[in-house]
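# missing the sequence, but the structure's below:
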């Protein structure tokens with residue numbers, strides 16, 4: 001079910017605050033074992049995607065539908081926020097958050113290009129044969 005840009009901004013912002021606060025509340029549990037630390041990195045990457053979605057939707061509401069999210073400052077800010085949240089739990093949690101976030105960004109970009117890219121005009125290739133003049 002699709003929602004409007006403003007509603008998506010509110011949902012992404014609330015979800016990112018909930019994930020951030022949950023990560024901070026359960027900090028001892030996330031640093032208790034290796035698997036829990038990787039799970040904390042995964043939650044950090046979810047925080048990255050939600051922060052990026054919230055920033056992109058906010059800018060779309062403010063600047064119009066033609067505005068696009070770019071590497072700097074939007075992606076960089078969202079990545080730094082998620083890395084900070086993950087690194088406060090455990091250093092390995094921060095590095096796994098970085099790697100998973102980069103993979104998520106790659107697939108998010110790939111999906112965005114497939115859905116929103118403007119199709120280009122087909123290229124006409126001429127063969128090497130010439131027409132004969134029959135005059």
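Right, received. Where do you want to start? Every value quoted in this text rests on a predicted model; they were computed, and no experiment measured them. Residues are numbered from 1 along each chain as shown.

# from the contact counts, what lies against the longest helix anywhere in the chain?
Ordering each helix of the chain by length in residues (DSSP state H) puts helix 34-63 first. Other helices and strands packing on helix 34-63, by 3 or more C-beta pairs under 8 Å, 6 or more residues apart in numbering; DSSP states H and E, are helix 5-25, helix 27-30, helix 76-87, helix 91-116. Just so you know, the C-beta spots here come from the backbone N, C-alpha and C atoms, and that holds for glycine as well.

# report the contact partners of the residue nearest to residue 95 when sequence neighbours are not counted.
Computed as C-beta to C-beta, 6 or more residues apart in numbering, the closest residue to residue 95 that is not its neighbour in sequence is residue 41, at 7.3 Å. By C-beta atoms under 8 Å, 6 or more residues apart in numbering, the contact list for residue 41 reads 86, 92-97, 99-100.

# in ChimeraX, how would I select just the buried ones from these?
Entered in ChimeraX, the line below selects the buried ones among the contacts of residue 41, by 16 or more other C-beta atoms under 10 Å:
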select :86,92,93,94,96,97,100
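
# tell me which two in the contacts of residue 41 are the farthest apart.
Greatest spacing in those, by C-beta to C-beta: 92 and 100 (12.1 Å).

# in the protein, where is pLDDT below threshold?
128-132, 135 (pLDDT under 70).

# repeat the analysis, applying 90 as the threshold.
For the chain, applying pLDDT under 90 flags the ranges 1-2, 64-73, 112, 115-135.

# and among the helices and strands packed on helix 34-63, the most buried is which?
The highest mean neighbour count among these, using mean count of other C-beta atoms under 10 Å, belongs to helix 76-87: a mean of 20.

# now the angle from that one to helix 91-116?
Going by axes from the mean of the first three to the mean of the last three C-alpha atoms, to 10 degrees, helix 76-87 is angled at 150 degrees with respect to helix 91-116.

# now helix 76-87 and helix 34-63, what's the angle there?
Using the same axes, to 10 degrees: helix 76-87 against helix 34-63 is 150 degrees.
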